[in-house]
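Chemist: here's a sequence, model it:
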Amino acid sequence: MTFYTLFRTGKMRLSELPRPSPERLLKQVQAEESKRWGAKLKIFLGYAPGVGKSYRMLDEARRRHERGEDVVVGAVQGQQSEEVQGLLRQLETIPPLQTSEGQGIDLDAILRRAPQVCVIDPLAAQNPPGCRHAHRWQDVQELLRNGISVLSSVNLLHVAEYKDKVQAITGKNTTETIPKSFLLAADDIVIVDVPPDLCLWRQGEKLTSTGISNSQERRLSELRELALLLTAEVVDAQLESYVHAHGIEPVFGTHERFLICITPNSDAPAMIESGARNKERFQGDLFAVYVCEPGRSKREGVAIRRYFAAAEKAGASTEVLESDDPISAIVNFAREKRITQIFIGNSAHNTWRDRLLGDPVLRLIRAAEGIDVRVFPH
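Modeler: Model (predicted):
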């Protein structure tokens, strides 16, 4: 059994970059340009059908209307509950665009009307032939570019990168999806959550006398966890946009990023296994690095290549760092990639270099302020 120690290396901190790179300046300009549009995208995310995301979205539209905002409805679900119909009666609706193949959003009518806020539901619908865009989320992009804020909703199944995971849990499939990158660009995302038995009842499921079964509860719990992980990614993207807009360099995020520091003598298989497990659990990113110092032997090179192959098989991005100061190289790489956890091996035997320069693990813990460090003995 492998044991590891977790060190928390201080409070979260934002450090300013002395001179921004061209890539960072580009991101800052893009963030500022987005702000100038003055339009905001708010998405109500449901982990399963029947959680009530459309009602929550329209209820917010009603409240905004009552506060004096100019709100219109540009698209609604085909089937509506009585509660949803009651909300719709309180809001102005732009009639849909009629084509020979079906109904789509009348973008030109909405742009001429120029409201402050437009409700688009559902977000993942495909437009019929004859419409300006193939997908409804592309209609939303055009509205945002024209300064119109959008309220919309989507189920987890309809996020392209999550579709296979949801299908594996529920057995349901769909051809209507939106890219995760579109969600990551949202200004606000709300998880609409209800108890599992209510969700199943709204889906038309007949519950037994004992209520929800263990298998049903497990499936819904897995969906809720995926929705929370996706929301964490959106929050992370919002943080990145904010710090770029304000000229700040982040060293942390809500999205987990794991860094495995490989050496020929480290317990690399255990670190890779742990990293892969955490990557899957948190839907995070995994990196593996080796710091190449002068005088590396051929035997070490063979071991590192074997470990890198295992890391890449586990889904890690691998990189060799050239430096005569491994600690500085690791910390600089971690800052650049916004790593949240560093995995490092440690031997009980100190070398002459360790006695001269200090224990490398302790040096790393001190230098990696704001980043968790996990130590795997070997």
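
Chemist: can you pull out the helices in the stretch 1-150 of the chain?
Modeler: With helices called from DSSP state H, counting those that start in this stretch, the stretch 1-150 of the chain shows them at 22-37, 53-66, 82-88, 107-113, 136-145.

Chemist: what are the phi and psi values at Y307?
Modeler: phi -70, psi -40 (degrees, to the nearest 10).

Chemist: which of the three states applies to I342?
Modeler: Here I342 is strand, with the state taken from DSSP: H, G, I helix; E, B strand; the rest coil.

Chemist: and if you look at E319?
Modeler: E319 ends up strand, using three-state DSSP.

Chemist: and the one 5 residues further on, by the same measure?
Modeler: Of the three states, D324 takes coil under three-state DSSP.

Chemist: look at it and say how many residues are nearby.
Modeler: Under the neighbour criterion other Cβ atoms under 10 Å, D324 is assigned a count of 10. Where C-beta positions appear, they are placed from N, C-alpha and C, glycine not excepted.

Chemist: equivalent analysis for the one 10 residues further on, please.
Modeler: One way to gauge burial is a neighbour count; for A334, by other Cβ under 10 Å, it gives 25.

Chemist: ok, E233 - contacts?
Modeler: E233 is in contact with K180, L183, L184, T254, H255, Q283, counting by Cβ atoms under 8 Å, 6 or more residues apart in numbering.

Chemist: so which of these is the most crowded?
Modeler: Counting neighbours by other Cβ under 10 Å, L183 leads those with 24 neighbours.

Chemist: and that residue, what element?
Modeler: helix 180-184 (DSSP states H and E).

Chemist: which elements pack onto that helix?
Modeler: helix 214-245 (3 or more Cβ pairs under 8 Å, 6 or more residues apart in numbering; DSSP states H and E).

Chemist: mean confidence for the helix it packs on?
Modeler: Averaging pLDDT along helix 214-245 gives 70.

Chemist: now stretch 116-123
Modeler: On average, stretch 116-123 scores 94.

Chemist: what's in contact with that stretch?
Modeler: In contact with stretch 116-123 (Cβ under 8 Å, 6+ apart) are residues 43, 54, 57-58, 61, 64, 69-77, 91, 94, 105, 110, 136-137, 139-140, 143, 148-155, 158, 178.

Chemist: where in the stretch 151-300 of the chain is pLDDT low?
Modeler: Within the stretch 151-300 of the chain, the stretches with pLDDT under 70 are 194-217, 236-254, 293-299.

Chemist: mind jotting down where the helices sit in it?
Modeler: 163-170, 180-184, 196-202, 214-245, 268-282, 298-313.

Chemist: with adjacent residues omitted, what lies nearest to D372?
Modeler: Nearest residue to D372, sequence neighbours excluded (Cβ to Cβ, 6 or more residues apart in numbering): Q341, at 4.6 Å.

Chemist: so that neighbour bridges to which residues?
Modeler: Beta-bridge partners for Q341, by DSSP bridges, are F258, D372.

Chemist: separation between it and K279?
Modeler: 11 Å (Cβ to Cβ, to the nearest Å).

Chemist: can you pull the residues that touch both of the two?
Modeler: With Cβ under 8 Å, 6+ apart as the test, Q341 and K279 both reach E256, F258.

Chemist: could the contacts of E233 be laid out in a markdown table, adding distance to A311?
Modeler: As requested, the contacts of E233 are arranged in a markdown table below (distance: Cβ to Cβ, whole Å):
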| residue | distance to A311 |
| --- | --- |
| K180 | 24 |
| L183 | 29 |
| L184 | 26 |
| T254 | 24 |
| H255 | 20 |
| Q283 | 18 |
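
Chemist: pull the most distant pair out of those.
Modeler: Using Cβ to Cβ, these reach their maximum pairwise distance at K180 and T254, which is 15.2 Å.

Chemist: if we can go back for a sec, out of the helices of the stretch 151-300 of the chain, nearest to I365?
Modeler: Per Cβ to Cβ, nearest to I365 of the helices of the stretch 151-300 of the chain: helix 268-282, 16.4 Å.

Chemist: which outside residues touch the closest one?
Modeler: 2, 4, 229, 256, 258, 260-262, 284-286, 288, 307, 310-311, 314-316, 341, 343, 345, 374, 376.

Chemist: tell me which residues of it come out buried.
Modeler: A268, A270, M271, I272, S274, G275, A276, N278, K279, F282 (16 or more other Cβ atoms under 10 Å).

Chemist: nearest to A125, out of those residues: which one, please.
Modeler: Distance to A125, by Cβ to Cβ, is smallest for F282 among the buried residues of helix 268-282, at 30.6 Å.

Chemist: and the gap between that closest one and A276?
Modeler: On the measure of Cβ to Cβ, F282 and A276 end up 11 Å apart.

Chemist: next: Q90.
Modeler: Counting by Cβ to Cβ, the gap from Q90 to A276 is 51 Å.

Chemist: now for P115: which residues touch it?
Modeler: D70, V71, V72, I148.

Chemist: verify the stated contact: the second one with D59.
Modeler: This means V71. No - V71 lies out of contact with D59 (Cβ atoms under 8 Å); the separation is 11.8 Å.

Chemist: stretch 91-105: which residues count as buried?
Modeler: L91, I94, L97, Q103, G104, I105.

Chemist: about what we covered before: just the buried subset of the contacts of P115, please.
Modeler: V71, V72, I148.

Chemist: tabulate those in TSV, adding columns for distance to Q126 and pLDDT.
Modeler: Putting the buried ones among the contacts of P115 into TSV (distance: Cβ to Cβ, whole Å; pLDDT from 0 to 100) gives the following:
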residue	distance to Q126	pLDDT
V71	25	96
V72	22	96
I148	21	95
